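Fold the following and give me the result.
(one chain, ligands or ions: 1)
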Amino acid sequence: MLEIGTHIGAYTVQIARALSLYGDESYKCSVDISDVNSTSAKPWLANNASHSPREEVNLAGVGENVEFFYSPSLNFFYKLQTTNRKFGLIFLDVDHSSKAVYKEIALALNKLNPNGVILVHDYFLEMKIFETMAILFMVVTWM
Ligand SMILES: C[S@@+](CC[C@H](N)C(=O)[O-])C[C@H]1O[C@@H](n2cnc3c(N)ncnc32)[C@H](O)[C@@H]1O
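Numbering: from 1, shown residues only. Down below sits the predicted model:
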């Protein structure tokens, strides 16, 4: 699992737990442009969370295979292209602009396992249904 946009780690922990329930202990990572685990700034407190994303996955008992990255999404994807690493689930949940999401999808497709899934959050943003359908078409035809 690769999550782009950690924020307070709400989905990070839930996805990691769900995968763990199905016996999937594979590598998982979550990326954010902010230092979401900063022990000095403690950004999670401003969002009414009592623990950092790192603490949340540890408390849920699924932290062992979860890694957090502090990076802009595209930089992360560019670096990822130089590795052999691929994922079964890629969750794109950052700024949600079509300009950013199109680039992320193109890069994510290259890092998806066969039969893998790309999850796109808020894909009906501003009701741009044709853009949404274009993205879905790209994903389905690629698979
Ligand atoms: C909607 S929140 C993510 C929510 C999270 N996936 C969850 O379900 O709890 C969006 C996050 O994306 C991060 N973000 C925004 N632009 C980004 C970028 N270009 N690269 C990486 N992260 C970015 C923000 O800092 C923010 O934490």
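
which bits of the protein sit near the ligand?
3, 5-8, 10-11, 31-34, 72-73, 93-95 (C-beta under 6 Å from any ligand atom). Backbone N, C-alpha and C define where each C-beta goes, glycine included.

what are the ranges of the strands in this structure?
2-4, 28-32, 66-70, 87-92, 112-120 (DSSP state E).

TSV please, covering the ones you listed and showing mean pLDDT.
Output for the strands of the chain, formatted as TSV (pLDDT from 0 to 100):
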stretch	mean pLDDT
strand 2-4	97
strand 28-32	97
strand 66-70	98
strand 87-92	94
strand 112-120	92
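
how about the ones you listed in JSON lines, adding distance to Asn48?
Shown next, in JSON lines, are the strands of the chain (distance: least, C-beta to C-beta, whole Å):
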{"stretch": "strand 2-4", "distance to Asn48": "20"}
{"stretch": "strand 28-32", "distance to Asn48": "18"}
{"stretch": "strand 66-70", "distance to Asn48": "20"}
{"stretch": "strand 87-92", "distance to Asn48": "22"}
{"stretch": "strand 112-120", "distance to Asn48": "25"}
